[in-house]
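[1] Need coordinates for the following:
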Amino acid sequence: MWYQSEQHGVDVAFTDVVEGNLAAHTGDDVARVAQRRRALETALGCEPVRYVRQVHGTVVADVTGTAAPVRAPEADASVSADGTPLGILTADCLPVVLVGTRFRAEPGDVPVLAVAHAGRRGLLDGVLQATVEAARAHGAEQLTAWIGPAVCGRCYEVPGEMARSAERILPGITTTTVRGTPGLDLPGAARSLLEARGVRVDPACADRRAWCTLEHDQLYSYRRDATPGRLAGLVWPRTRKEPA
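    Below is the predicted model:
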């Protein structure tokens, strides 16, 4: 496990290669992926995790009070207000986990949980803003975010025109890579977007080089290996309130 922490009765975790590939859409054997997911849930002591079919968009799936579908919904973020565990899959893009507490919580209420897959396209199109709005629609008044392992700004090289186009949408996202070429700082842009909306970003993920997928073999990186492997960003409650 790359990282695991508990706050407000909620656990947040990001896997690494030890847990194996957790994506069923990248060509891996679906049955083996399912076995890895169940083994991980058992090890973490959580109920079945709900994932989405990620398409680099901005749709947020609200799974509150719903039964697990046969086919995961097409979305790039999800939110639950009833304690349903959530997961998001990445291999260079940003896995973002959010936990929202309610100041006026009723007895038995659990924090609002959310996850988002924020690659370059989704980040520019507003997936994080949509996820924050979805969490707040469920009464989350104090939000904390964890920006998981992802390619860092010193490594994420892009064509010059792509960098200029991104800068017009999100000023400050551009950077110069370690090679002296144009690059994008997705984690830094995500932090700025979240903090501008009153979201606290946990300091555990502040050192982006230490959390860079391209620089650490313990993490899956598509840019480095063209790997089918995907790590998971996960959030689940220690205790869960069952839907009425």
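[2] so where's this protein uncertain?
    Low-confidence segments of the chain, defined by pLDDT under 70: 105-107, 239-244.
[3] What segments of it are helices?
    Along the chain, counting by DSSP state H, helices occupy 30-44, 120-125, 127-137, 160-169, 186-196, 222-225.
[4] which one of these lies closest to residue 8?
    helix 127-137 (13.8 Å; CB to CB). (Each C-beta comes from the backbone N, C-alpha and C, glycine too.)
[5] Packing partners of the closest one?
    strand 60-62, strand 77-80, strand 94-101, strand 112-118, strand 142-147, helix 186-196 (3 or more CB pairs under 8 Å, 6 or more residues apart in numbering; DSSP states H and E).
[6] at 6 Å what do you get?
    On a contact count with 3 or more CB pairs under 6 Å, 6 or more residues apart in numbering; DSSP states H and E, helix 127-137 meets strand 60-62, strand 77-80, strand 112-118.
[7] Of all those strands, which one comes closest to residue 44?
    The nearest among the helices and strands packed on helix 127-137, by CB to CB, is strand 112-118 at 14.2 Å.
[8] Would you give the sheet partners of the closest one, along with the direction of each?
    strand 77-80 (antiparallel), strand 94-101 (antiparallel) (DSSP bridges).
[9] Now for residue 10: which residues touch it?
    For residue 10, the contacting residues are 99, 111, 237, by CB atoms under 6 Å, 6 or more residues apart in numbering.
[10] List only buried entries from the residues you listed.
    Those of the contacts of residue 10 that meet the buried threshold are 99, 111, 237, by 16 or more other CB atoms under 10 Å.
[11] now those in CSV, with distance to residue 141?
    Formatted as CSV, the buried ones among the contacts of residue 10 follow (distance: CB to CB, whole Å):
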residue, distance to residue 141
99, 12
111, 11
237, 18
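[12] How many residues are close by residue 65?
    By other CB atoms under 10 Å, 12 other residues sit near residue 65.
[13] give me phi/psi at it?
    Backbone torsions of residue 65, given as degrees, to the nearest 10, read phi 70, psi 20.
[14] Equivalent analysis for the one 10 residues further on, please.
    As for residue 75, its main-chain torsions (degrees, to the nearest 10) stand at phi -170, psi 170.
[15] Quick check: residue 108 vs residue 82, distance?
    According to CB to CB, to the nearest Å, residue 108 stands 11 Å off from residue 82.
[16] which one of those two has more residues nearby?
    Using other CB under 10 Å as the criterion, residue 108 and residue 82 rank with residue 82 on top: 19 against 8.
[17] List the contacts of stretch 42-62.
    63, 72-79, 84-87, 117, 119, 121-122, 125-127, 130-131, 134, 236.
[18] let's see it at 7 Å
    13, 25, 37, 41, 63, 68, 72-79, 84-87, 89, 117, 119, 121-122, 125-127, 130-131, 134, 234, 236, 240 (CB atoms under 7 Å, 6 or more residues apart in numbering).
[19] Among those residues, name the buried ones.
    With burial judged by 16+ other CB under 10 Å, the buried subset of the contacts of stretch 42-62 is 13, 37, 41, 63, 72-73, 75-79, 84-87, 89, 117, 119, 122, 125-127, 130-131, 134, 234, 236, 240.
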